[in-house]
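1. sequence unknown, structure follows:
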């Protein structure tokens, strides 16, 4: 990827900005540390000079000028960075380890305002400076820099005590070079990290973009890549993949609804048309017209119920409902549904039993739960009516592992095959042995959608004999 293209990305711009900010801070740190080191060494040097001056002052107090001169000569012969000098009132050097000084140093008493240049004995050619510090033509010497304290004695003689700055300067240079090298290494490391890590991030973004283009092209089965690193890119890809899976399921559901409506509603609509056509043909009596109209109304009501069920399932599967959610006691809902269906069960010879005691409170919608339970109980009564033994439907409630389980069990033929039990909850699916029974094949689909809306699940289990439909709700949890 070309550099101009890279710099158009937000990540590259942020990295460049952070690198610039880091460089500025690092440069300021270099100058601060260097100046701090110089100040510390200068203070240490001044303290050393003060100690030397105090020692010379004690010698002067004990033995006067002769002892002071001898002390300075002795110390001047010792190796080290200290400077010692005695000059007359005119600035001519009389004794010490300094051969020449920068002009004007001895003219001001006290600390020198800035470092000055000087020469030590033995470091210049025979053509030397005069006692006043002026260098003769052609002289070639090695100069140093130092700071010093200049004192004037009562007899107007001048004493200079100083210290060479070569060691502090070398230390300052070492510190500056070390910091510059460290800065360079950090900058190089930052650039390398930026290049490789940024390139990897941009490559992952390109992969996401390619996958997105495929998905926008109509391939809803495609998914964004997940590397398994667990970083923000993976979390984003996982969330988007979950959203894509949800969209794919909704689209598949919409396709199934369209196909099912086209196939399963075609038959009742054809019956309506044929019935109306038959009533209009020939010379039918008033009673026959009335019977045809009544059957048409009944068929139309069934179609309206079917469309309402399809609409409700679609809304629930989409995760949207205008229905209110509140605390619901499942025990009361079970008692109401059992009381409602007892006459219908007795009419077909089915015993409807319930064993519910206590409270089973959950967060949900009572109307939706009642409708789902009604569909399940109605199916159980319908399919247990042909049982060889005494037809029985039993409704129970229990709390197991943090769930409230509403179980409807019958002793009818049941569904032996597990694949058929899975298909039974799909829309408009009617198994082979149930095609003679009235219905649209939406009862269990609606119950499953209601359970999904409440964050629960619908399970179809063999009851040996019969079938057990289990509606599992989260116990006391919000949707």
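-> That came through fine. These numbers were taken from a predicted model, which means no experiment stands behind them. Numbering: from 1, shown residues only.
2. Residue 414 - nearest residue in space that isn't next to it in sequence?
-> With Cβ to Cβ, 6 or more residues apart in numbering as the criterion, residue 414 has its nearest non-adjacent residue at 4.2 Å, and that residue is residue 467. All C-beta spots, glycine's among them, are computed from the backbone N, C-alpha and C.
3. got a list of what that neighbour touches?
-> 380, 383, 409-410, 412, 414-415, 421, 460-461 (Cβ atoms under 8 Å, 6 or more residues apart in numbering).
4. Could you do residue 228 as well?
-> With Cβ under 8 Å, 6+ apart, residue 228 has these contacts: residue 234.
5. In a strand, it, correct?
-> No. According to DSSP: H, G, I helix; E, B strand; the rest coil, residue 228 belongs to no strand; its state is coil.
6. Return the distance of it relative to residue 235.
-> Residue 228 is 12 Å from residue 235, where distance means Cβ to Cβ, to the nearest Å.
7. beta partners for the residue nearest to residue 414?
-> Beta-bridge partners for residue 467, by DSSP bridges, are residue 462.
8. before we move on, the earlier item: out of the contacts of residue 467, name the ones that lie in helices.
-> 380, 383, 421 (DSSP state H).
9. Report the separation between the closest residue to the second one other than its chain neighbours and residue 459.
-> Closest residue to residue 383 in three dimensions, ignoring its sequence neighbours and counting by Cβ to Cβ, 6+ apart: residue 412, at 4.2 Å. In this view, residue 412 and residue 459 are 17 Å apart by Cβ to Cβ.
10. These two - which one has more neighbours?
-> The neighbour comparison of residue 412 against residue 459 (other Cβ atoms under 10 Å) goes to residue 412, with 26 against 16.
11. How about the contacts made by that one?
-> 380, 383-387, 391, 465-467.
12. Give me the packing partners of the strand or helix carrying residue 31, helices and strands only.
-> Here residue 31 is covered by helix 10-77, with elements defined by DSSP states H and E. Where contact means 3 or more Cβ pairs under 8 Å, 6 or more residues apart in numbering; DSSP states H and E, helix 10-77 is packed against helix 3-7, strand 82-87, strand 93-96, strand 144-152, strand 158-164, helix 166-216.
13. wait, which of the contacts of residue 412 is closest to residue 251?
-> Of all those, residue 467 has the smallest distance to residue 251: 31.0 Å, by Cβ to Cβ.
14. Could you check the pLDDT of the closest one?
-> With respect to pLDDT, residue 467 scores 89.
15. how close does it get to residue 268?
-> Applying Cβ to Cβ to residue 467 and residue 268 gives a distance of 27 Å.
16. Residue 396 now?
-> Distance, residue 396 to residue 268, using Cβ to Cβ: 36 Å.
17. Then residue 193?
-> Distance from residue 193 to residue 268, by Cβ to Cβ: 69 Å.
18. quick one, which of the two is more surrounded?
-> residue 268 (15 against 11).
19. is it true that the more buried one touches residue 299?
-> Yes. Between residue 268 and residue 299 there is a contact under Cβ atoms under 8 Å: 5.7 Å.
20. Could you tell me how far stretch 76-85 lies from the centre of the chain?
-> Put simply, stretch 76-85 sits 66 Å off its chain's centre (Cα atoms, centre = their mean, to the nearest Å).
21. Just the buried positions in it, please.
-> 76, 82-85 (16 or more other Cβ atoms under 10 Å).
22. OK, contacts around residue 279?
-> 288-289, 292-293.
23. quick check, residue 397 in a strand?
-> Yes. According to three-state DSSP, residue 397 belongs to a strand.
24. ok, it - contacts?
-> Contacts of residue 397 by Cβ under 8 Å, 6+ apart are 330-331, 334, 356, 360, 404-407.
25. before we move on, back to that, filter the contacts of residue 467 down to the buried ones and hand me the ChimeraX line.
-> The ChimeraX command for the buried members of the contacts of residue 467 (criterion: 16+ other Cβ under 10 Å) is given here:
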select :380,383,409,410,412,414,415,421,460
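26. Next one, pLDDT for residue 126 please.
-> 45.
27. next one: residue 57
-> In this model, residue 57 carries a pLDDT of 88.
28. now the one 10 residues further on
-> Predicted confidence (pLDDT) for residue 67: 88.
29. The spatially closest residue to it that is not a sequence neighbour: how many residues sit nearby?
-> Distances taken as Cβ to Cβ, 6+ apart place residue 59 nearest to residue 67, at 5.1 Å, with adjacent residues excluded. Number of residues near residue 59 (other Cβ under 10 Å) recorded here: 19.
30. Surely residue 59 and residue 74 touch.
-> No. Judged on Cβ under 8 Å, residue 59 makes no contact with residue 74 at a distance of 9.9 Å.
31. residues contacting the residue nearest to residue 67?
-> 67-68, 71.
32. So which of the contacts of residue 397 are in helices?
-> 330-331, 334.
33. picking up where we left off before, using a markdown table, lay out the contacts of residue 59 together with distance to residue 473.
-> Formatted as a markdown table, the contacts of residue 59 follow (distance: Cβ to Cβ, whole Å):
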| residue | distance to residue 473 |
| --- | --- |
| 67 | 107 |
| 68 | 105 |
| 71 | 102 |
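34. Just the closest of these to residue 49, please.
-> residue 71 (15.2 Å).
35. so how far is residue 57 from the closest one?
-> 10 Å.
36. between those two, which one's more packed in?
-> residue 71 (18 against 13).
37. Residue 467 versus the nearest residue to the more buried one once chain neighbours are set aside, what's the distance?
-> Using Cβ to Cβ, 6+ apart and skipping the chain neighbours, the partner closest in space to residue 71 is residue 59 (4.3 Å). From residue 59 over to residue 467 the distance is 117 Å, taken as Cβ to Cβ.
38. what do you get for residue 56?
-> 114 Å.
39. Could you do residue 60 as well?
-> Counting by Cβ to Cβ - residue 60 and residue 467 are separated by 119 Å.
40. and the contacts of residue 412, which are buried?
-> For the contacts of residue 412, buried by 16+ other Cβ under 10 Å: 380, 383-385, 387, 391, 466-467.
41. Just give me the closest of those residues to residue 146.
-> When the buried ones among the contacts of residue 412 are ranked by distance to residue 146 (Cβ to Cβ), residue 467 comes first, at 105.4 Å.
42. Least confident secondary structure element in this protein?
-> The helix or strand of the chain with the poorest confidence is helix 3-7; it has a mean of 58 (mean pLDDT, DSSP states H and E).
43. Just the strands from the stretch 201-350 of the chain, written as ranges.
-> Using DSSP state E, counting those that start in this stretch, the strands of the stretch 201-350 of the chain run over residues 326-329.
44. do the stretch 351-479 of the chain as well
-> Using DSSP E, counting those that start in this stretch, strands in the stretch 351-479 of the chain cover 351-355, 361-364, 392-400, 403-410, 457-462, 467-474.
45. Quick one: closest of those to residue 38.
-> Here strand 467-474 is closest among the strands of the stretch 351-479 of the chain (Cβ to Cβ), at 71.4 Å.
46. buried set for stretch 354-371?
-> 354, 356, 360, 362-366, 368-371.
47. Quote the end-to-end distance of that stretch.
-> 18 Å (Cα to Cα, to the nearest Å).
48. what mean pLDDT would you report for that stretch?
-> 85.
49. Any figure for the gap between the residue nearest the centre of the chain and residue 208?
-> Residue closest to the mean C-alpha point of the chain, counted by Cα atoms, centre = their mean, is residue 232 at 4.7 Å. For residue 232, the distance to residue 208 equals 12 Å [Cβ to Cβ].
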